[in-house]
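In: no sequence on this one, just coordinates:
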């Protein structure tokens with residue numbers, strides 16, 4: 001089963017760290033309003049170079 005891919009904007013005062021939840025502004029998540037800050041489940045993988053990160057069910061890709 002492939003994971004849902006969601007694009008996000010990243011608040012500058014926040015940070016993403018493996019093992020912690022991330023706080024992001026989702027752009028196209030089907031299960032939230034996409035208008036407010038959202039908390040993800042635990043981050044399993046994070047690529048600092050691309051900004052892409054993965055949780056149990058979702059891959060998050062930053063909006064460029």
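Out: Arrived safely. Predicted model only: the values in this text are computed from it and were never measured. Numbers count the residues shown, from 1 in each chain.

In: what about this structure, any weak spots by pLDDT?
Out: 1 (pLDDT under 70).

In: need the strands for it, in chain order.
Out: 4-9, 21-26, 38-42, 45-46, 53-54, 58-62 (DSSP state E).

In: Output the ones you listed in TSV; the columns should cover distance to residue 32.
Out: Every residue, glycine included, has its C-beta placed from N, CA and C. Conversion of these to TSV gives the following (distance: least, C-beta to C-beta, whole Å):
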stretch	distance to residue 32
strand 4-9	9
strand 21-26	6
strand 38-42	6
strand 45-46	20
strand 53-54	17
strand 58-62	11
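
In: any idea which of those strands is most buried?
Out: Most buried of these, by mean neighbour count (mean count of other C-beta atoms under 10 Å): strand 53-54, with a mean of 20.

In: Can you list the strands that that strand pairs with?
Out: strand 45-46 (antiparallel), strand 58-62 (antiparallel) (DSSP bridges).

In: For residue 34, which of those is the nearest?
Out: Nearest to residue 34, of all those, is strand 58-62, at 12.9 Å by C-beta to C-beta.

In: what residues does that closest one touch?
Out: 3-10, 22, 24, 26, 29, 40-41, 50-54 (C-beta atoms under 8 Å, 6 or more residues apart in numbering).

In: same thing but at 7 Å, please
Out: 3, 4, 5, 6, 7, 8, 10, 24, 51, 52, 53 (C-beta atoms under 7 Å, 6 or more residues apart in numbering).
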